[in-house]
Every structure is written in C-alpha cells, then in structure tokens.
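K.L.:
with the input below, show me the fold.
(one chain, ligands or ions: 1)
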Amino acid sequence: MKIILLGPPGAGKGTIAKVLTEYDGSVQISTGDILRAAVAAGTELGKQAAAAMSAGNLVTDELIMGIMEQRLQEDDCKKGYLLDGFPRTIPQAEALQVLLEKMGEKLDAVLELEIARDIIIDRLTTRRTCTQCGEIYNVKSKPPKVEGVCDVCGSNEVVQRDDETKEAINNRLEVYQAQTAPLSDFYKDTGLLVSVTSSDKETVMAALEPKIG
Ligand code: AMP
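P.N.:
Prediction:
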C-alpha cells in the first residue's frame, strides 16, 4: 500500500506506520527519523537541518524533496510505503504529486489522525526516545526496564528529544496548524482522505479497508 500518514506530532503516526508495515511489508519512511540520523551522524544534511529541528520549525521544502526523491526510488519502496511526517506543506504535497506521476505511481489513501491537543501534549512531554536505535518509550505507560537504558539495543541514551520540551512542542503544534493542517483539504479534494479520531489499530484498519482491501 502507498499511504500518507497525516496528523500532528504525537498523534501516533509512527505507531500506526509500524502496524501497517506488518500488514503487507510496506516500508515506513519517516522524514523526522532520516533527519535525526543525519544530525546524529554530523552530515552536511544534518548540519543544515539541526537548528530548525531543535526549535520545532520545519526544514526547507527543497531539503525534504531532495531526500524524498531519492528515498522513494529505492528498491524497498516497490512493495509500498507509509509516509510518516511527509508531506508537511502544500508545496511538498504538490511536488510529491509531480514525483509520483513521473514514477507512474498512485497513492491509495491519506490517513489523517485527529487527536485532541491535551492528549498530544501529555504524550509528547512524557515520551522518551533511544537516540541509538529509535525505540520509543513513555515514562508513564512504557518506561524502559532500567531508567535511561534501552531495552532493545542496551544503549544508555534513552532521552527526551530536545524538540519535546514544552516550548518546542507548542511551537511544533502551531507550525502544524499553520503549514500542515491545510493538507487535509488538499487531499479531501482528491478523494484519498480517510480521517479517524483514534490511533487504535482496529479502528484504523476498518477505516482504511475500503481503500486498501
Ligand atoms: P517528526 O519526527 O516527524 O516530528 O520530525 C521532526 C522534525 O524534523 C520536525 O519538527 C521538522 O523540523 C523536521 N521535519 C520532518 N519532516 C519534515 C518535513 N516533511 N518537512 C519539513 N521539516 C520536517
């Protein structure tokens, strides 16, 4: 399946993407993960993205399209992909349409997760991430067995992301409203939009069924 996951930070896009990858082997492509890996590795891309990311602002459309044009042509995308965190602006969505047309591909659906702001803030301020393998924890509902140590890879770098402080989160939500929320209407017009108010697996699969069934 070829799906865009739309929704504010903390809505559960990454979690749903993982569920959907198990469904048919489609690959999850998270632009946030790609950029965080580049920052951690100190690459030129990482250097260009770091300041905007830690403030909770978007990096430029040019930078993102450069990443995605390459990524979508890799072999593992042949089985399908779940775009997590991309597109984030109308120009990115338009550029994606052009790219897909060029590649002769069509999206199956745009899954929009609509989650209340207070739930999002609570989720994000309590979220912790392993900087080594990307595993996600939550200090309330899913703490690592040993504080600060990753259950999966054993690194002692389970930390709060610097864009998950209260200030950065508020900014990310404002940026979402201003720049990304308009994509909902953009995709409604294409007939691809499926909106759900819960990131629960059964609810999401039932809503997607007519598009991917
Ligand atoms: P995420 O993990 O998806 O919340 O992304 C983390 C950060 O990476 C965002 O706050 C942006 O700074 C940057 N980012 C990720 N995806 C995009 C995108 N499609 N367009 C612009 N910036 C992005």
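
K.L.:
now do the strands in this protein.
P.N.:
2-6, 27-30, 81-84, 109-113, 127-130, 136-138, 158-159, 193-196 (DSSP state E).

K.L.:
from the contact counts, what lies against the last one?
P.N.:
Using 3 or more CB pairs under 8 Å, 6 or more residues apart in numbering; DSSP states H and E as the contact criterion, the neighbours of strand 193-196 among helices and strands are strand 109-113, helix 183-188, helix 201-212. C-beta here means a position set from N, CA and C on the backbone, and glycine is covered the same way.

K.L.:
around the ligand, which positions in the chain sit nearby?
P.N.:
With CB under 6 Å from any ligand atom as the criterion, the chain meets the ligand at residues 9, 31-32, 35, 52-53, 56-59, 64, 85-86, 88, 92, 163, 172.

K.L.:
which among these end up buried?
P.N.:
Buried subset of the residues of the chain next to the ligand (neighbour count, 16 or more other CB atoms under 10 Å): 9, 31-32, 35, 52-53, 56, 58-59, 64, 85-86, 88, 92, 163, 172.

K.L.:
hey, where'd the helices end up in this protein?
P.N.:
Assigned helices in the chain, in chain order: 13-24, 31-41, 44-55, 61-71, 90-103, 117-125, 166-175, 183-188, 201-212 (criterion: DSSP state H).

K.L.:
mean pLDDT for the ones you listed - can I get that in TSV?
P.N.:
Formatted as TSV, those follow (pLDDT from 0 to 100):
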stretch	mean pLDDT
helix 13-24	89
helix 31-41	93
helix 44-55	94
helix 61-71	97
helix 90-103	97
helix 117-125	90
helix 166-175	91
helix 183-188	96
helix 201-212	92
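
K.L.:
what's the closest of these to residue 2?
P.N.:
Among these, the nearest to residue 2 by CB to CB is helix 90-103 (8.3 Å).

K.L.:
which residues sit against that closest one?
P.N.:
Residues outside helix 90-103 that contact it (CB atoms under 8 Å, 6 or more residues apart in numbering): 61, 64-65, 68-69, 72-73, 86-87, 106-107, 182-183, 186-187.

K.L.:
out of the helices of the chain, nearest to residue 159?
P.N.:
Closest of the helices of the chain to residue 159 is helix 31-41, at 11.8 Å (criterion: CB to CB).

K.L.:
look through the chain and report the residue furthest from the middle.
P.N.:
Within the chain, residue 146 marks the point farthest from the mean C-alpha position, 27.2 Å out by CA atoms, centre = their mean.

K.L.:
now the strands of the chain in a markdown table, with mean pLDDT, distance to residue 96 and mean neighbour count?
P.N.:
Conversion of the strands of the chain to a markdown table gives the following (pLDDT from 0 to 100; distance: least, CB to CB, whole Å; neighbours: other CB atoms under 10 Å):
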| stretch | mean pLDDT | distance to residue 96 | mean neighbour count |
| --- | --- | --- | --- |
| strand 2-6 | 97 | 8 | 24 |
| strand 27-30 | 96 | 12 | 19 |
| strand 81-84 | 97 | 8 | 24 |
| strand 109-113 | 97 | 11 | 23 |
| strand 127-130 | 92 | 26 | 20 |
| strand 136-138 | 92 | 26 | 16 |
| strand 158-159 | 95 | 32 | 19 |
| strand 193-196 | 96 | 15 | 18 |
